[in-house]
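1. how would this look folded up:
(one chain, ligands or ions: 2)
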Amino acid sequence: MANLKLEPISLPGLELKRPWVVAGPCSAETEEQVMETAHQLADKGYKIFRAGIWKPRTRPGAFEGVGTVGLPWLKRVKEETGMYVGIEVANAHHVYEALKYGIDILWIGARTTANPFAVQEIADALKGMDIPVLVKNPVNPDLELWIGALERINRAGIKKLAAIHRGFSTYDDSKYRNHPQWQIPIELRRRIPELPIICDPSHIGGKRELIYKISQEAMDLNFDGLIIESHRCPDKAWSDAKQQVTPDELKKITKKIVLRGANIGDKYRASLDELRTEIDRLDTTLLETLEKRMSISEAIGKYKKDNNITILQTRRYDEIMNNRRKQGASLGLSEEFTTKIFEDIHEESVTRQNIIMNN
Ligand code: PEP
Ligand code: MN
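-> Numbering: from 1, shown residues only. Ligands and ions are numbered 1, 2, ... in the order given. Predicted structure coming up:
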């Protein structure tokens, strides 16, 4: 169990009720873009504004953020709209600048969370401050590293902490930009039940079409809130254009979200629902993986046909069965169970290869 000393996240004069929403552009680009987007969001009732001032980009040459010149724009957002403002910090300098300009909330980006030196530097810069800090998961699916970052910030005396789930990088060209791997935030919730977790569907999906579905999934898993990228003119955004939505579209998305479980008094039922949702999701992953495996097996079938090789290669079959049984056993699965599953999988592969061979 992680041993964190937490206080509920609060902002002066604002009670954060589930689901609380942080909204705003990926990046602050110009004063006009920031002000217009903020006014539109404020008019729709959103209370917390986000904008990246320093942008960690994967490849050099992309827009890396306007830097400190953007901070007075956020001050103007506060003054003119009454919204609270949040930015990403990646080093001590960012923290000092943010505090100087009265930023209300800080978040640590996924690439930074993956780097304990950077997180420690930020923690040291925050000593003695009382500001809410949101910690994104690291880019790699490593729960300990995520918890470690939360601990570093907490040890600096920051008690208003929350986690942001933004998904995990994969080499796979899956439908997500960053795979959600929901079991990881679920395990985080189990380990630190009092830590609020919000979901970032924009960076998980990478496409605006996925935002609603991912947000609803997060709410069905009892997340506390959402952080969603919204831009006055998404297609013209200087970063992450495909995943941003207009404030209008955002309103439609957040209005459509069903808050299940809110009026179920029985907390056991709610956690049962969480587990069932997770089972459904894992089954989908199982099916998708099986489909991938079958298409590779068909490619092998084609190779065997072109090279006149028999379908059944007994040595390979024995090798697979033995290895899978061992792998299964080391994961706590019974030999009988693993054998049954792989016999069925193998049978289906052979059937498919037979069709290819005789076509
Ligand atoms: C962002 O929030 O714009 C951002 C850079 O996100 P992440 O750290 O999740 O990649
Ligand atoms: Mn972004």
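
2. where does the stretch 1-150 of the chain get nearest to ligand 1, which residue?
-> Here the residue of the stretch 1-150 of the chain nearest ligand 1 is Gly109; by CB to the nearest ligand atom that distance is 3.1 Å. Heads up, the C-betas are built off the backbone N, CA and C, glycines and all.

3. next, the buried residues of stretch 339-347.
-> Within stretch 339-347, the residues that count as buried by 16 or more other CB atoms under 10 Å are Phe342, Ile345, His346.

4. tally of neighbours for the residue nearest to the last one when sequence neighbours are not counted?
-> Nearest residue to His346, sequence neighbours excluded (CB to CB, 6 or more residues apart in numbering): Tyr317, at 6.7 Å. Neighbours of Tyr317 under the rule other CB atoms under 10 Å: 14.

5. swap in Leu287?
-> For Leu287, using other CB under 10 Å, the count is 10.

6. and the strands in the stretch 201-350 of the chain?
-> 225-229 (DSSP state E, counting those that start in this stretch).

7. quick check: Glu121 vs Ala2, distance?
-> Per CB to CB, to the nearest Å, Glu121 is found 21 Å from Ala2.

8. the two - which one has more neighbours?
-> Glu121 (20 against 15).

9. who in the stretch 151-300 of the chain is up against ligand 2?
-> With CB under 5 Å from the ion as the criterion, the stretch 151-300 of the chain meets ligand 2 at residues Asp240.

10. tell me where the model's unsure across the stretch 151-300 of the chain.
-> Residues of the stretch 151-300 of the chain that meet the criterion pLDDT under 70 lie in 261-267.

11. so where do the helices sit in it?
-> Under the criterion DSSP state H, counting those that start in this stretch, the stretch 151-300 of the chain carries helices at the ranges 183-191, 201-205, 211-220, 247-256, 267-306.

12. may I see the buried residues of the last one?
-> Judged by neighbour count (16+ other CB under 10 Å), helix 267-306 contains these buried residues: Asp273, Glu274, Thr277, Arg281, Ser297, Ile300, Gly301, Lys304.

13. mind picking the two most distant members of these?
-> Using CB to CB, the two most remote members of the buried residues of helix 267-306 are Asp273 and Lys304, lying 46.7 Å apart.

14. related to what we said a few turns ago, any chance of the buried residues of helix 267-306 in CSV, plus distance to Asn322?
-> Shown next, in CSV, are the buried residues of helix 267-306 (distance: CB to CB, whole Å):
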residue, distance to Asn322
Asp273, 40
Glu274, 37
Thr277, 36
Arg281, 31
Ser297, 19
Ile300, 19
Gly301, 23
Lys304, 22
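
15. how far away is the residue of the chain most remote from its centre from Met35?
-> The centre of the chain is farthest from one residue, Asn308, which by CA atoms, centre = their mean lies 47.2 Å away. Note on Asn308: its distance to Met35, by CB to CB, is 71 Å.

16. so which of the helices of the stretch 151-300 of the chain gets nearest ligand 1?
-> Across the helices of the stretch 151-300 of the chain, closest to ligand 1 is helix 201-205 (CB to the nearest ligand atom), at 4.3 Å.

17. show me the shaky parts of the stretch 1-150 of the chain.
-> Applying pLDDT under 70 to the stretch 1-150 of the chain flags residues 1.
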